[in-house]
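Visitor: give the three-dimensional model of this entry:
(2 chains)
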Amino acid sequence: MTLEAQIQTQPPSTPAWAMLRTLGGIAMISGLLVALVYQVTLPIIAENQRVLTEQAVFRVLPGAVSKRDFVINGAGGLEPASEGASGELVYGGYDASGVLLGVALTGSAQGYAGPVNVMFAYDPACACIIGSKVLNSNETPGFGDKLDLDPAFLANFAALDARLNAEGTALANEIVTVKHGTKAQPWEIDGISGATISSNAMGRAANNAAQRAVPAIQRDLAWLMQQK
Amino acid sequence: MAELPNTEERLTPDTFLRGLWEENPVFVMLLGMCPVLAVTSTTINALAMGLATTFVLVSSSLLVSLLRSWIPKQVRIASYIVIIATFVTIVDYAIQAISLELYAALGAFIQLIVANCVILGRAEAYASKQRIMTTLVNSLGMGAGFTLALLSLGGVREILGNGTILGISIFPADFQPWIVMILPPGGFFVLGGWLLLFNWLRLRKERKEAEQIGVTAHAR
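Guide: Predicted coordinates for the structure are as follows:
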């Protein structure tokens, strides 16, 4: 007997317990399945996340073979990222002999179509930003991806000045994106004409990231260099 | 869906093939347009979306078919949605486990498979009335049809919009990609093109059949 035939021969009202039984039963099956899959995939997803971050760190800090995670603590210094520590993460990149090559910072700014999240490499030796990689963005294909591919634009991040002021509390000069072809100072980013909003976002992201992380990095630099 | 069988359908090759061509969910029934337009900017995204939807379609149809005599009519839509949402959550975790880049590329459209009317439509119109075997074959066919449609859009859009297929460059270096094709309007252009082709093929077939009948009538 098909479902339709059954329904037609049944009295018009279905008893409430039948509906409860069905919905409860389905919710139980559903909960079990979701919990099972969640448990199975959780370590794999965490591992994927770790590999993805590590790849990004190694990409902005060429030569790095190991990374250590640090958080910026409430006192404005750095501490190793552990279970209990909360705060913004920065990643120290070390080469094979344990020398600190640089620190990877993440910054975010509103672009043309949503936030642009970028990872920057900060080199404490020259007090400048030496690399960048867009982690994710919704920028228009063909325009927004110039942020990662356009060699002229990437040249801005060869040695972008991120020196601190005399007190060591903030950058001496705010990092800004300027109109294409008008870069005059080492802390300015030469914008991309045709992708103005995206390249401006990149400048703001760099400024945000550096303003927050660089004072902490410079404060605990000696300690940071001993880690590996 | 012109003729919905009132009784249980017999398993024939047509049970599978209908989803591919005659009742193709995208090109004929025009269901599930949202992912069709949104995630077909590259072939790989289209393929992943098609496979994810197929998995949800097949698993939820199977479960609906299995429980069909146990689900009262009054709560059937709620039951179907819970079942579909379960499998969508599973697919969501699975894609994150397979590749986080793919997960980022597909974005919210994985979760939105819940609202894909191909799946609810199949549960309501087919799986709730049919045996498990026919449901399995039919939903596999529908899933294959949906994947095929996504691939037809994704392939064309990637070739024209990016000059590549599956990430491999196929044009000489001086080819200037039509960026509009990987932007939302490109989705509409390509979908329009495919619909034109499908409707033209169908009309031509119908006209031929009509002529055939005319010829036999004259011959009498």
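Visitor: these two touch, right, B:Leu63 and B:Ile83?
Guide: Yes. Between B:Leu63 and B:Ile83 a contact is recorded at 5.2 Å, counting by C-beta atoms under 8 Å. The C-beta positions use only the backbone N, C-alpha and C, and glycine is treated the same way.
Visitor: tell me which parts of chain A are close to chain B?
Guide: Within chain A, the residues that sit near chain B (C-beta under 8 Å from any C-beta of the partner chain) are A:2-4, A:6-7, A:14, A:18-19, A:22-23, A:25-27, A:29-30, A:33-34, A:37-38, A:41, A:44-45, A:48-49, A:52, A:136, A:140-142.
Visitor: what do you get if the cut-off is 7 Å, keeping everything else the same?
Guide: Counting by C-beta under 7 Å from any C-beta of the partner chain, the residues of chain A close to chain B are A:2-3, A:6-7, A:14, A:18-19, A:22-23, A:26-27, A:30, A:33-34, A:37-38, A:41, A:44-45, A:48-49, A:52, A:136, A:140-142.
Visitor: any idea how far B:Arg68 lies from chain A?
Guide: Distance, B:Arg68 to chain A, using C-beta to the nearest C-beta, to the nearest Å: 6 Å.
Visitor: okay, and for chain B, where does confidence drop off?
Guide: For chain B, the stretches with pLDDT under 70 are B:1-7, B:217-220.
Visitor: give me the most central residue, it.
Guide: B:Phe146 (1.8 Å; C-alpha atoms, centre = their mean).
Visitor: is it fair to say that residue lies in a helix?
Guide: Yes. Assignment of B:Phe146 by DSSP: H, G, I helix; E, B strand; the rest coil places it within a helix.
Visitor: for the nearest residue in space to it that is not next to it in sequence, give me its contacts.
Guide: Nearest residue to B:Phe146, sequence neighbours excluded (C-beta to C-beta, 6 or more residues apart in numbering or on different chains): B:Pro25, at 5.0 Å. B:Pro25 makes contact with B:19, B:31-32, B:118, B:142, B:145-146, according to C-beta atoms under 7 Å, 6 or more residues apart in numbering or on different chains.
Visitor: of those, which pair is most distant in space?
Guide: Using C-beta to C-beta, the two most remote members of the contacts of B:Pro25 are B:Gly19 and B:Gly32, lying 12.5 Å apart.
Visitor: okay, these two: which has more neighbours?
Guide: The neighbour comparison of B:Gly19 against B:Gly32 (other C-beta atoms under 10 Å in any protein chain shown) goes to B:Gly19, with 27 against 24.
Visitor: using CSV, list the CA coordinates for the strand or helix carrying that one.
Guide: Per DSSP states H and E: B:Gly19 is located in helix B:13-20. The C-alpha coordinates for helix B:13-20 follow below in CSV (Å, rounded to 0.1, in the frame of the first residue of the first chain):
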residue,chain,number,x,y,z
PRO,B,13,17.3,2.7,-17.4
ASP,B,14,14.9,5.6,-17.8
THR,B,15,14.7,6.0,-14.0
PHE,B,16,18.3,7.1,-14.1
LEU,B,17,18.5,8.8,-17.5
ARG,B,18,15.5,11.1,-17.0
GLY,B,19,17.5,13.2,-14.5
LEU,B,20,20.3,13.6,-17.0
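Visitor: contacts for that helix?
Guide: Here helix B:13-20 has contacts from B:9, B:25, B:134, B:137-138, B:140-142, B:144-145, B:148, using C-beta under 7 Å, 6+ apart.
Visitor: can you pull the buried residues of it?
Guide: B:15-16, B:18-20 (16 or more other C-beta atoms under 10 Å in any protein chain shown).
Visitor: which one of those residues is nearest chain A?
Guide: The nearest member of the buried residues of helix B:13-20 to chain A, counting by C-beta to the nearest C-beta, is B:Thr15 at 17.1 Å.
Visitor: that's a strand at A:Leu135, yeah?
Guide: Yes. Assessed with three-state DSSP, A:Leu135 lies in a strand.
Visitor: ranges for the helices of chain A?
Guide: Along chain A, the stretches classed as helices by DSSP state H are A:3-9, A:16-60, A:146-149, A:151-154, A:196-219, A:221-226.
Visitor: packing partners of the third one?
Guide: The criterion is 3 or more C-beta pairs under 7 Å, 6 or more residues apart in numbering or on different chains; DSSP states H and E, and the helices and strands that helix A:146-149 contacts are strand A:128-136, helix A:196-219.
Visitor: before we move on, the earlier item: which is the next helix or strand following the helix holding B:Gly19?
Guide: Remark: after helix B:13-20, the chain's next helix or strand is helix B:33-38, criterion DSSP H and E.
Visitor: could you list the buried residues of that following helix?
Guide: Using 16+ other C-beta under 10 Å as the test for burial, helix B:33-38 gives B:35-38.
Visitor: next one: stretch A:180-190
Guide: Under the neighbour-count criterion of 16+ other C-beta under 10 Å, stretch A:180-190 has A:180, A:183, A:187-190 buried.
Visitor: now do the same end-to-end measure for it.
Guide: 5 Å (C-alpha to C-alpha, to the nearest Å).
Visitor: list the contacts for B:Thr134?
Guide: Residues near B:Thr134 by C-beta under 7 Å, 6+ apart: B:9, B:11, B:15.
Visitor: what's the answer for B:Asp92, then?
Guide: So B:Asp92 contacts B:110-111 (C-beta under 7 Å, 6+ apart).
Visitor: what's the next secondary structure element after the helix or strand encompassing it?
Guide: For B:Asp92, the host element (DSSP H and E) is helix B:76-98. Where DSSP H and E defines the elements, the next helix or strand beyond helix B:76-98 is helix B:100-106.
Visitor: with only the CA atoms kept, save that next one in CSV.
Guide: Output of helix B:100-106 as CSV, limited to C-alpha atoms (Å, rounded to 0.1, in the frame of the first residue of the first chain):
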residue,chain,number,x,y,z
LEU,B,100,39.8,24.6,3.3
GLU,B,101,40.5,26.5,0.1
LEU,B,102,37.7,24.8,-1.6
TYR,B,103,35.5,25.5,1.4
ALA,B,104,36.4,29.2,1.2
ALA,B,105,35.6,29.2,-2.5
LEU,B,106,32.2,27.6,-2.1
